[in-house]
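**Student:** A structural model of the following input is requested.
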Amino acid sequence: HVKLVESGGGLVQPGGSLRLSCEIIGITPAQYTIAWFRQAPGKQREGVSYTSARVHTAYYRDSVKGRFTISRDSEEDMVYLQMNNLRPEDTGVYYCAADVRATSLWDEYDYWGQGTQVTVSS
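**Tutor:** I've put the predicted structure just below:
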């Protein structure tokens, strides 16, 4: 049974930082592309970042480049999203997703977590 569990969300002021965690259960994460998506109220879900299967290349949407960093801890089967210099427009529910065939943020992902809320506000 595959399960992805996000944590680390919260309320933070503009310019602040958060680290999101995704615990991956039931698959071998190294063989999967792991991605972070977000959905703001009233908006469509959008891809934020991914780390590719096997070679673990990182990709970021333009609006988060230089501020967000995706990383893996293979021993703990965890994927993290370090978010620095947060902006109000980063607010949303952040989801972790995994897929063995995905090579971009626009592919279909088989496995999804329940999400964690990130709110950036003063």
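**Student:** in this structure, which spans are strands?
**Tutor:** Here the chain has its strands, by DSSP state E, at 3-7, 10-12, 18-25, 33-39, 46-51, 58-60, 68-73, 78-83, 92-99, 111-112, 116-120.
**Student:** so which of the ones you listed gets nearest L105?
**Tutor:** Nearest of the strands of the chain to L105, taken as Cβ to Cβ: strand 46-51 at 2.7 Å. For the C-beta atoms, the positions are set from N, CA and C on the backbone; glycine is no exception.
**Student:** buried residues, the closest one. List them.
**Tutor:** For strand 46-51, burial by neighbour count (16 or more other Cβ atoms under 10 Å) applies to G47, V48, S49, Y50, T51.
**Student:** just put the strands of the chain in CSV and tack on distance to L105 and mean pLDDT.
**Tutor:** Formatted as CSV, those follow (distance: least, Cβ to Cβ, whole Å; pLDDT from 0 to 100):
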stretch, distance to L105, mean pLDDT
strand 3-7, 16, 98
strand 10-12, 24, 98
strand 18-25, 15, 98
strand 33-39, 6, 98
strand 46-51, 3, 97
strand 58-60, 7, 97
strand 68-73, 12, 96
strand 78-83, 13, 97
strand 92-99, 9, 98
strand 111-112, 14, 98
strand 116-120, 18, 98
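**Student:** in the sheet, who's paired with the residue most central in space within the chain?
**Tutor:** Centroid-nearest residue in the chain, with Cα atoms, centre = their mean: W36, separated by 2.4 Å. Note on W36: beta-bridge partners S49, C96, judged by DSSP bridges.
**Student:** of the buried residues of strand 46-51, closest to W106?
**Tutor:** Looking across these and measuring by Cβ to Cβ, the closest to W106 is G47, at 7.0 Å.
**Student:** so the closest one sits against D107, correct?
**Tutor:** No: the criterion here is Cβ atoms under 8 Å, and G47 misses it with D107 at 9.4 Å.
**Student:** on that earlier part again, what is the nearest of the buried residues of strand 46-51 to S63?
**Tutor:** Ranked by distance to S63 (Cβ to Cβ), the buried residues of strand 46-51 are led by V48 at 8.7 Å.
**Student:** quick one: the closest one from E23, how far?
**Tutor:** 18 Å (Cβ to Cβ, to the nearest Å).
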